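>>> quick one, fold the following:
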Amino acid sequence: MSKTQLFDLDGKIAFVSGASRGIGEAIARLLAQQGAHVIVSSRKIEGCQHVADAIIADGGKATAIACHIGEMEQIDSVFARIREEFGRLDILVNNAATNPQFCNVLDTDLGAFQKTVDVNIRGYFFMSVEAGKLMREHGGGSIINVASINGVSPGVFQGIYSVTKAAVINMTKVFAKECAPFGIRCNALLPGLTDTKFASALVSNEQILNTALAQIPLKRVAAPSEMAGAVLYLASDASSYTTGVALNVDGGFLS
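Model (predicted):
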């Protein structure tokens, strides 16, 4: 039996936001290993370029483009460049997110609230809109939203972040239903506790970490690379009949 080509991304153009480190970097590297030309994006070009250079050094194809998805002008600018430079987009991974405040919900700061909504909801929404328009022109594509288990079971002292991630899960279903006629699939990844800089406030605090591990059947924190395989499935033809799904990759936390 010959090996499967289900996960082959040769010829595909993929955009990964928040790809300068952590889960986003792991996703970008794996999609490139499977043949995609990956647009590595985050707020600062230096981190993007570092990841893009590493992908190219490994024999892959990558381009670094800075984009702060909390700024509408930057979303417009990045898609103008994608149209001009690549002419198409096959895969969008909305991974960039923010969680600027760790506090009781009653102490939520308006500035932190607005920043979290602007990036995690508005940013994901309009990145998906612009990507969807491009995908519609070329017969389809795959949008993957990196949400969180917090969107199902709110994290302690992560109120507005949890609210935005619940919105992302519903947003995923909206795009899945309305974009299916254009051959566009939209799915969400719900990572559990993962060892990233983003989660350092949780992972580095022994008391919080032990409390979290007690609720995870696999009894450990995930590595960023353990999220990438699920995204590859959702990006590839292996998931051709999968849309509107919220896929838990959480060590059993939500089970």
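>>> can you give me the strands in the stretch 1-150 of the chain?
13-16, 37-42, 61-66, 91-94, 141-146 (DSSP state E, counting those that start in this stretch).
>>> redo these as a markdown table? Include distance to residue 227.
For every residue, glycine as well, the C-beta is placed using N, CA and C. Below are the strands of the stretch 1-150 of the chain laid out as a markdown table (distance: least, C-beta to C-beta, whole Å):
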| stretch | distance to residue 227 |
| --- | --- |
| strand 13-16 | 12 |
| strand 37-42 | 16 |
| strand 61-66 | 19 |
| strand 91-94 | 11 |
| strand 141-146 | 8 |
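>>> now tabulate the ones you listed in JSON lines and tack on distance to residue 204, mean pLDDT and mean neighbour count.
What follows is the strands of the stretch 1-150 of the chain, written out as JSON lines (distance: least, C-beta to C-beta, whole Å; pLDDT from 0 to 100; neighbours: other C-beta atoms under 10 Å):
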{"stretch": "strand 13-16", "distance to residue 204": "26", "mean pLDDT": "98", "mean neighbour count": "30"}
{"stretch": "strand 37-42", "distance to residue 204": "22", "mean pLDDT": "98", "mean neighbour count": "28"}
{"stretch": "strand 61-66", "distance to residue 204": "28", "mean pLDDT": "98", "mean neighbour count": "20"}
{"stretch": "strand 91-94", "distance to residue 204": "26", "mean pLDDT": "99", "mean neighbour count": "29"}
{"stretch": "strand 141-146", "distance to residue 204": "22", "mean pLDDT": "98", "mean neighbour count": "27"}
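>>> could you point out the longest strand of this structure?
strand 184-191 (DSSP state E).
>>> from residue 118, how far off is the nearest residue to residue 101 once chain neighbours are set aside?
Nearest in space to residue 101, with sequence neighbours left out and distances taken as C-beta to C-beta, 6 or more residues apart in numbering, is residue 112 at 3.9 Å. To residue 118, residue 112 is 11 Å away according to C-beta to C-beta, to the nearest Å.
>>> same check, this time on residue 76
Counting by C-beta to C-beta - residue 76 and residue 118 are separated by 15 Å.
>>> just residue 98 next, same as before
For residue 98, the distance to residue 118 - C-beta to C-beta - is 8 Å.
>>> same deal with residue 32?
For residue 32 relative to residue 118 (C-beta to C-beta), the value is 29 Å.
>>> name the residue in the two with the higher neighbour count.
The neighbour comparison of residue 32 against residue 118 (other C-beta atoms under 10 Å) goes to residue 32, with 25 against 17.
>>> excluding its backbone neighbours, what's nearest residue 238?
Nearest one to residue 238, counting by C-beta to C-beta, 6+ apart, is residue 6 at 4.0 Å.
>>> all helices of the stretch 51-200 of the chain, in order?
For the stretch 51-200 of the chain, applying DSSP state H, counting those that start in this stretch gives helices covering 72-85, 110-117, 124-137, 159-179, 200-203.
>>> mean pLDDT and mean neighbour count added to these, as TSV?
Output for the helices of the stretch 51-200 of the chain, formatted as TSV (pLDDT from 0 to 100; neighbours: other C-beta atoms under 10 Å):
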stretch	mean pLDDT	mean neighbour count
helix 72-85	98	15
helix 110-117	98	16
helix 124-137	98	20
helix 159-179	98	20
helix 200-203	68	15
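>>> sweet, I'm off.
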